[in-house]
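[1] got a predicted structure here, sequence first:
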Amino acid sequence: MSSEPEPNNRIVTAWRNKFAWAIGGALWAFRTQNSFWVHIPITIIVFSLAAFLKVAAWQWTAIVIATMVVFAAELLNTAIEQLVKVVHPEHDPRVGRALDAAAAAVLVTAIGAVAVGLLTLGPPLLQFLLPALWPQAAG
Ligand SMILES: Nc1ncnc2c1ncn2[C@@H]1O[C@H](COP(=O)(O)OP(=O)(O)OP(=O)(O)O)[C@@H](O)[C@H]1O
């Protein structure tokens, strides 16, 4: 009798490990990287606003994609920063440029997310606020 796990069990274990490592990495980044202390509250506010305004499925889709892209970019930026701290902690302008480019990638995704937020939440928010602020305009 062999003690080797069944091939199917090996695949299940490998995938369970992949998820555990990925979730552990995300939780570590959320706990230690102050950028996420801004991203997470903003995400909660935007998602709550979208739920309150009962936006359409396409608006939810755009908001979720834009948010996930920012989080993914920030996680990759964090990964690069961590690697640099270990592999090349000494100051080097070429390393600096690589870090700046990674930070710029996050900025680009954040600008895109702000645009998506304004385009998807702006009109329903105005529709909700205008009658309250300016009843004559609502007729
Ligand atoms: N080894 C290095 N060589 C050259 N420039 C660096 C180096 N490390 C950091 N820098 C410069 O400092 C900037 C900030 O890098 P850093 O990794 O400290 O980012 P941070 O967002 O402040 O990270 P953390 O808050 O996790 O320390 C980089 O964009 C880069 O311009």
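    Structure received. The model shown is predicted, which means the values in this text are computed figures rather than measured ones.

[2] which residues of this structure lie near the ligand?
    Residues of the chain lying close to the ligand (C-beta under 6 Å from any ligand atom) are 81, 84, 88, 91, 92, 95, 96, 99, 100, 103. From N, CA and C alone the C-beta is placed, and that goes for glycine too.

[3] what about the residues you listed, which one has the most neighbours?
    In terms of neighbour count, residue 84 stands highest of these at 17 neighbours, by other C-beta atoms under 10 Å.

[4] got a list of what residue 73 touches?
    105, 106, 108, 109 (C-beta atoms under 8 Å, 6 or more residues apart in numbering).

[5] of these, closest to the ligand?
    The closest of the contacts of residue 73 to the ligand turns out to be residue 106 (C-beta to the nearest ligand atom; 9.4 Å).

[6] got a quick PyMOL command for the buried subset of the contacts of residue 73?
    For the buried members of the contacts of residue 73, the matching PyMOL selection, counting by 16 or more other C-beta atoms under 10 Å, is:
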select buried, resi 105+106+109
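
[7] in strands only, show me the contacts of residue 73.
    Among the contacts of residue 73, no residue falls in strands (DSSP state E).

[8] dump the contacts of residue 73 into JSON lines; add distance to residue 74 and pLDDT as well.
    Formatted as JSON lines, the contacts of residue 73 follow (distance: C-beta to C-beta, whole Å; pLDDT from 0 to 100):
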{"residue": "105", "distance to residue 74": "9", "pLDDT": "98"}
{"residue": "106", "distance to residue 74": "5", "pLDDT": "98"}
{"residue": "108", "distance to residue 74": "12", "pLDDT": "98"}
{"residue": "109", "distance to residue 74": "8", "pLDDT": "98"}
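
[9] from the contacts of residue 73, which land in helices?
    Under the assignment DSSP state H, the contacts of residue 73 contribute 105, 106, 108, 109 to helices.

[10] of all these, which comes closest to residue 46?
    residue 109 (14.3 Å; C-beta to C-beta).

[11] surely that closest one is in contact with residue 70?
    Yes. Judged on C-beta atoms under 8 Å, residue 109 makes contact with residue 70 at a distance of 4.7 Å.

[12] sorry, back to before: so which of the residues of the chain next to the ligand sit within helices?
    Within those, residues falling in helices by DSSP H are 81, 84, 95, 96, 99, 100, 103.

[13] okay then, goodbye and thanks.
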